[in-house]
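Fold the following and give me the result.
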Amino acid sequence: MKKYINLSLFLIAFSANIYSQKAQIKSADKLYEQYAYIDAIKTYEKIAEKGYKSVDLFQKLGNSYYFNSELDKACKWYEELFALNTKDLDPEYYFRYAHSLRSIGKNEKANEFLEQYNKKLGNDSRVKLFMKDVNYLDAIKRNSNRYTIEDAGVNSIYSDYGTAIYEDQIIFSSARDTGSIGQRIHKWTNQHFTNLYASTLDGTMTPSKPQKFDTTINSKFNESTPVFTKDGKTIYFTRNNYLDGKKGKDDKKTTLIKIYKATLTDNKWTNIIELPFNSDNYSTAHPALSPDENTLYFASDMPGTLGQSDLFKVKINKDGTYGIPENLGKTINTEGRETFPFINNDNELYFASSGHPGLGGLDVFVTTIKSDNSYDEVQNLGAGVNSSNDDFAYYIDTKSRRGFFTSNREGGMGYDDIYKFLETRKIVCEQLLYGEISDVKTSIRLPNTNLTLFDDQFNIISSTISDNQGTYTFKIECGKTYFVRAKKVEYTIKENKVLIDDNAGKTYLPITLENSKCAVTIGDDLGKCFNIKMIYFDLDKSNIRPEAALDLEKILDVLTNNPSMKLDIRSHTDSRQTLKYNEALSSRRAKSTINWLITNGINANRLTGKGYGETQLVNKCSDNVPCTEEEHQLNRRSEFIITAL
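Numbering: from 1, shown residues only. Purely as a prediction, here's the structure:
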């Protein structure tokens, strides 16, 4: 009888333990759903330490650390998750685990999980970026060791982050407790809510003791990441959804963050308003101004976001209204997190990202905003500013090359810390491309020659005119390929390809031009006379290739200077595909060539054309005759036969 009693007591205790465990998990789940990750972690880890294992537990433990940017600890629990060998895991966990592995230097294993993630999803831009450049760490290495970095001198044991310059002060966010009664705690991070603080800067950007910035701007909730207009009369800043004593919430009863604006009147910040594109149901944060202050950049997860958060821009109209926010697009934004934008006076856009290839966590990246509002190549700032942890909120003064950034790297005083730096070498390696233009036969220098610089995709970079000595110069970047086109009246247009060395310095490129005066008659091929061998097309296509367009510029120039000249455009294909297909393809190619010339100003009545398919091959490469791709290419051509002068 005693054995049965002991067994019953065991079953009762066991059942009570299971009930208690379920109750604890339910309590932790509620904290997790309220973004109280720190408190949720405490309960989850106690349960895990007792041997309890489940997919849901390890997912939420990993996520709680991941969303708090403690990627080394997130890695531990994601490892436990994958050790369960569970099928049908959300593909996002493969990426989060890979991201966490990268933060602790396990790059090979990270790449393995990225490949698995790619197989499951396939179209994620983050994976494409990593796979596109498997040697991205070499590029990061080239961009490293460009800074001297030290503690900014304003940090506390709490979270200190984000910097803006206002007059002679640095303005930043801090969760430090300065004695406020009833200081509120943010459940997500277990830190105090942040306020804005100010420190006066000396000539080396060394700050004085911080003081609270402004009681009107600071509230009982989070304030952060301000940006000021150059006249110092307007501030944009981030705050929780709280204005005039009223707290807003989304559909899940969560208070998100918004961008607010205030103006300085009689040395007081007044008229605090939220921007019209804010919403209770998504976040907007971290405003930044373009150099002309006509565009506001910010981070958001609003509808149209590609990932966890994207960078957007919105036009600031002269009457103080705003345009419609625009996503910066896939060059900048990924399925990861893009945030903390900053634009300097050189139109360089700096931002933090977890989606572009980096060293782990958030890394700081830079691109240049071009004149057509497109973006140059995105580059990682390299080790120093970036680490295996979160690095963000970058600010640099373009003249002194001094600035600040924030990081939660090892060795700091608190959760996030602000560091100051001096950039000792710019990220863009520059060279000077120079040379002289001369006549190929007489060697006489040719002044007033028009020169155009193209990148390797034939996009125009810049243009210039040779001086009285026939010399020219272009500022270019190291390690890139360029094309230089020289154009002068009575000379044949010429393009030169040049590959620039990886190191700073100079590259010499002399260009010789051939006099274009050529005796032609009806029936001649204008292309041959003007040293244009052929206009090439891609296989099975009739679109004008960029390099072909440069050759057509030469034909266009001759037709423009000889208004009575008429041409018959004759297009040819290789022997691959059927006779009927090739006739149709060549006809489309002839039409494309004619349309290009018409679009660029030539009257249609001066042009005729026909496609000859494979009927006029220039070599042996007929049907079933083995030929190289280069031999087939020779047959894919256009001719320009003069029919009138």
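
Pull the distance from stretch 205-225 to the chain's centre.
The chain centroid and the centroid of stretch 205-225 are separated by 31 Å under CA atoms, centre = their mean, to the nearest Å.

ok, Gly329 - how many residues close by?
12 (other CB atoms under 10 Å). Quick note: C-beta positions are derived from backbone N, CA and C, even for glycine.

Lowest average confidence across helices and strands of the chain, where is it?
The helix or strand of the chain with the poorest confidence is strand 185-186; it has a mean of 52 (mean pLDDT, DSSP states H and E).

All the strands of the stretch 351-500 of the chain, residue numbers only.
Along the stretch 351-500 of the chain, the stretches classed as strands by DSSP state E, counting those that start in this stretch are 363-368, 379-380, 391-396, 402-407, 417-423, 430-439, 450-454, 460-465, 471-477, 481-487, 494-499.

any low-confidence regions in the stretch 401-550 of the chain?
519, 530-534, 536-537, 539 (pLDDT under 70).

Same question for the stretch 1-150 of the chain.
Residues of the stretch 1-150 of the chain that meet the cut-off, pLDDT under 70, sit at 1-20, 34-36, 69, 122-123, 126-137.

ok, now with 50
1-5, 7-16 (pLDDT under 50).

domain parsing for this structure?
For the chain, automatic domain parsing gives the domain ranges 28-122, 147-423, 430-513, 526-644.

any idea how far Gly105 is from Leu645?
Noted for Leu645: a distance of 72 Å to Gly105, by CB to CB, to the nearest Å.

Redo the strands of the stretch 351-500 of the chain as a markdown table? Include distance to Lys119 and mean neighbour count.
Shown next, in a markdown table, are the strands of the stretch 351-500 of the chain (distance: least, CB to CB, whole Å; neighbours: other CB atoms under 10 Å):
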| stretch | distance to Lys119 | mean neighbour count |
| --- | --- | --- |
| strand 363-368 | 25 | 21 |
| strand 379-380 | 26 | 21 |
| strand 391-396 | 30 | 26 |
| strand 402-407 | 34 | 24 |
| strand 417-423 | 39 | 22 |
| strand 430-439 | 41 | 18 |
| strand 450-454 | 38 | 19 |
| strand 460-465 | 39 | 13 |
| strand 471-477 | 36 | 17 |
| strand 481-487 | 33 | 19 |
| strand 494-499 | 36 | 15 |
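
Serialize those strands to JSON lines and add fields for distance to Arg146.
JSON lines is the format used below for the strands of the stretch 351-500 of the chain (distance: least, CB to CB, whole Å):
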{"stretch": "strand 363-368", "distance to Arg146": "12"}
{"stretch": "strand 379-380", "distance to Arg146": "11"}
{"stretch": "strand 391-396", "distance to Arg146": "11"}
{"stretch": "strand 402-407", "distance to Arg146": "12"}
{"stretch": "strand 417-423", "distance to Arg146": "6"}
{"stretch": "strand 430-439", "distance to Arg146": "14"}
{"stretch": "strand 450-454", "distance to Arg146": "26"}
{"stretch": "strand 460-465", "distance to Arg146": "24"}
{"stretch": "strand 471-477", "distance to Arg146": "16"}
{"stretch": "strand 481-487", "distance to Arg146": "24"}
{"stretch": "strand 494-499", "distance to Arg146": "24"}
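
Tyr242 is nearest to which of those strands?
With respect to Tyr242, and counting by CB to CB, the nearest of those is strand 391-396 at 22.0 Å.

which residues touch the closest one?
161-165, 225, 286, 339-340, 342, 344, 350, 352, 361-364, 381, 385, 402-407, 409, 418, 423 (CB atoms under 8 Å, 6 or more residues apart in numbering).

Swap in 7 Å and give it another go.
161-163, 339-340, 342, 344, 350, 352, 361-364, 385, 403-407, 423 (CB atoms under 7 Å, 6 or more residues apart in numbering).
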